[in-house]
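**Student:** my questions are about this predicted structure, shown below with the sequence.
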Amino acid sequence: MQKVICKKLYDTAASEIVKKVTFGNFGDANGYEETLYVTAEGNYFLYTNGGADSKYAKEDIKRMSKATAQQWLSEN
């Protein structure tokens, strides 16, 4: 997935996965996944996607500061 945020391209195919967390089982309407990525330039973003009844029913990308990414890592 690709998304432009504040004139910067965030691309899951061109970035490195730092950590992936899944909640629920595959096919679970309430299940979802959160994947933290880092770009070659050192920008962090969170890719989210989930089932129809989850908090991430639509896939999305959200940029994150390094501090927020570190906090996310410590919580997951």
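**Tutor:** Perfect, thanks for sending it.
**Student:** middle-most residue in this protein, spatially?
**Tutor:** With distances taken as Cα atoms, centre = their mean, residue 47 lies nearest the centre of the chain, 2.0 Å away.
**Student:** so residue 49 makes contact with residue 33?
**Tutor:** Yes. Residue 49 lies in contact with residue 33 (Cβ atoms under 8 Å); the separation is 5.7 Å. Yep, even glycine has a C-beta here, placed from its N, CA and C like the rest.
**Student:** where do the contact lists of the two overlap?
**Tutor:** Both residue 49 and residue 33 are in contact with residue 56, where contact means Cβ atoms under 8 Å, 6 or more residues apart in numbering.
**Student:** what strands flank the helix or strand encompassing residue 34, and is each parallel or antiparallel?
**Tutor:** For residue 34, the enclosing helix or strand under DSSP states H and E is strand 32-38. Sheet neighbours of strand 32-38, with direction, are listed as strand 16-23 (antiparallel), strand 44-50 (antiparallel) (DSSP bridges).
**Student:** so which of these is the most packed in?
**Tutor:** Of all the strands paired with strand 32-38, strand 44-50 has the most neighbours on average by mean count of other Cβ atoms under 10 Å, namely a mean of 20.
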